[in-house]
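> Okay, structure incoming, though there's no sequence with it:
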């Protein structure tokens with residue numbers, strides 16, 4: 001197993017044992033920052049030692065550090081027999097594609113994806129995003145009207161299908177595959193409380209389904225991202241290998257809907273709990289972009305994301321993280337770091353001047369290539385939702401909402417709402 005990191009001067013040095021069930025991360029983040037500072041030693045599921053970076057400036061430095069890699073070749077314990085083949089988090093370490101490539105490989109893959117994932121591609125989807133939003137709001141309204149108590153699940157009827165359909169249309173995925181793709185990506189990436197066998201079975205099915213989608217686009221190409229990636233792969237010079245193509249498609253499917261789903265749900269929860277902030281934007285005293293940025297800071301879609309690995313011993317905020325340590329990026333913790341956002345960092349405030357400095361889309365070479373699409377979807381969804389249903393509110397107390405069983409994804413599993421006052 002990897003070596004334990006050096007004890008953090010501010011705390012006890014006792015590693016935090018991660019609960020695979022996850023849950024709301026904010027109280028835990030505050031405690032770990034108080035006990036350990038910006039970097040904490042953790043024990044990952046499967047009793048593998050690692051670390052999490054919790055402070056804003058520390059995480060920003062770590063994400064862009066020239067001697068920190070994302071390729072699992074920098075994680076010796078994964079390959080020398082120390083960590084078993086059925087380690088539950090191996091699915092993250094073994095993934096291949098743009099998101100786990102380093103330096104020249106990463107630049108090559110990002111360049112190929114960037115040629116297909118352009119602003120023009122995103123803008124081409126704007127009319128479809130707006131039309132789909134209207135359709136889904138109609139569906140949400142019907143679901144509430146058809147229920148005996150006027151309650152509908154915003155997660156199921158609106159927040160999930162919007163980004164799922166958008167990313168699938170961008171990738172050229174036929175409608176019959178979309179529901180299963182969400183189930184599989186949720187099992188592979190989000191759930192951290194299932195057995196390794198269940199996770200690996202879901203991964204194999206996801207890879208097979210992604211290959212089927214790629215084969216269909218190769219046989220019948222269109223104006224979609226998958227067809228563009230295949231065309232780039234078949235051209236002269238640099239091209240995507242079969243593994244890289246499937247890995248990149250998998251990344252786009254997961255990152256293209258799970259995180260935007262979380263963003264929309266978390267923003268709705270925040271606005272329902274802070275009606276004064278909702279009033280500001282409805283009165284045009286703030287913008288929906290302000291809402292998105294503050295949500296990304298205050299309740300970011302991803303809590304602790306795996307993995308990065310120091311390629312030599314690296315010192316972050318006074319703490320030495322040894323070479324080869326698997327490190328989690330603590331996005332939810334960094335978002336509420338008082339050192340940047342002030343003593344009221346736990347308060348949701350869409351006028352906060354530091355909100356846009358959040359790290360929810362990452363930082364450095366691996367900054368999220370899909371950030372413009374996520375922003376377009378979220379601002380469109382929130383504006384049209386609250387314009388049509390300004391009195392929308394949660395149908396159950398916030399504390400009763402069921403959290404995802406994950407320490408990676410930061411979201412609930414359902415969001416029952418009433419669209420009008422009782």
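Perfect, thanks for sending it. These numbers were taken from a predicted model, which means no experiment stands behind them.
> How much space separates residue 32 from residue 138?
44 Å (C-beta to C-beta, to the nearest Å). Where you see a C-beta, it was placed from the backbone N, CA and C, and this is true even at glycine.
> can you tell me the helix or strand for the closest residue in space to residue 226 that isn't next to it in sequence?
Once flanking residues are discounted, residue 226 sits nearest to residue 217: 4.3 Å by C-beta to C-beta, 6 or more residues apart in numbering. Using DSSP states H and E, residue 217 sits within helix 196-219.
> Measure how far that helix is from the centre of its chain, please.
Between the centre of helix 196-219 and the centre of its host chain there is 20 Å, according to C-alpha atoms, centre = their mean, to the nearest Å.
> Buried residues in that helix, which are they?
Neighbour-count burial for helix 196-219 flags 196, 199-200, 202-203, 206-207, 209-210, 213-214, 216-217 (criterion: 16 or more other C-beta atoms under 10 Å).
> list the helices and strands the helix or strand containing residue 417 packs on?
For residue 417, the enclosing helix or strand under DSSP H and E is strand 416-418. Counting contacts by 3 or more C-beta pairs under 8 Å, 6 or more residues apart in numbering; DSSP states H and E, strand 416-418 packs against strand 151-153, strand 393-394.
> Looking at those, which one is packed in the most?
Ranked by mean neighbour count, the helices and strands packed on strand 416-418 are led by strand 151-153 with a mean of 20 (mean count of other C-beta atoms under 10 Å).
> What strands flank that one, and is each parallel or antiparallel?
Applying DSSP bridges, strand 151-153 is found paired with strand 416-418 (antiparallel).
> Contact partners for the closest residue to residue 404 other than its chain neighbours?
With sequence-adjacent residues excluded and distances taken as C-beta to C-beta, 6+ apart, residue 404 is closest to residue 411, at 5.2 Å. When contacts are counted by C-beta atoms under 8 Å, 6 or more residues apart in numbering, residue 411 touches 261-262, 265-266, 301, 403-404.
> And the buried ones among the residues you listed, selectable in PyMOL?
Per 16+ other C-beta under 10 Å, the buried members of the contacts of residue 411 correspond to this PyMOL selection:
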select buried, resi 261+262+265+266+301+404
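> Residue 107: what secondary structure?
The three-state assignment at residue 107 reads helix, by DSSP: H, G, I helix; E, B strand; the rest coil.
> and residue 88, how many residues sit next to it?
Using other C-beta atoms under 10 Å, residue 88 is surrounded by 22 other residues.
> now swap in the one 3 residues further on and tell me
Counted with other C-beta under 10 Å, residues neighbouring residue 91 total 18.
> mind checking which helix or strand it is in?
helix 90-93.
> which residues touch that helix?
Contacts of helix 90-93 (C-beta under 8 Å, 6+ apart): 72, 75, 78, 83, 188-189, 196, 199-200, 203, 306-307, 326.
> Tell me which residue lies nearest the centroid of this protein.
With distances taken as C-alpha atoms, centre = their mean, the chain has residue 259 as the residue nearest its mean C-alpha position (3.9 Å).
> what sits against that one?
Contacts of residue 259 (C-beta under 8 Å, 6+ apart): 301-302, 374.
> Could you pull out the buried residues of the helix or strand encompassing it?
In this assignment (DSSP H and E), residue 259 forms part of helix 242-273. Neighbour-count burial for helix 242-273 flags 244-272 (criterion: 16+ other C-beta under 10 Å).
> Let me see the mean pLDDT of the helix holding residue 91.
When pLDDT is averaged over helix 90-93, the result is 88.
> In this model residue 231 seems to touch the residue nearest to residue 226, though I could be wrong.
No: the criterion here is C-beta atoms under 8 Å, and residue 217 misses it with residue 231 at 9.8 Å.
> Distance check, the closest residue to residue 247 other than its chain neighbours against residue 122.
Of all residues not flanking residue 247 in the chain, residue 97 sits nearest, at 2.8 Å (C-beta to C-beta, 6+ apart). Here residue 97 is placed at a distance of 20 Å from residue 122 (C-beta to C-beta).
> Residue 55 versus residue 88, what's the distance?
For residue 88, the distance to residue 55 - C-beta to C-beta - is 27 Å.
> and stretch 351-358, how far out from the chain's middle?
19 Å.
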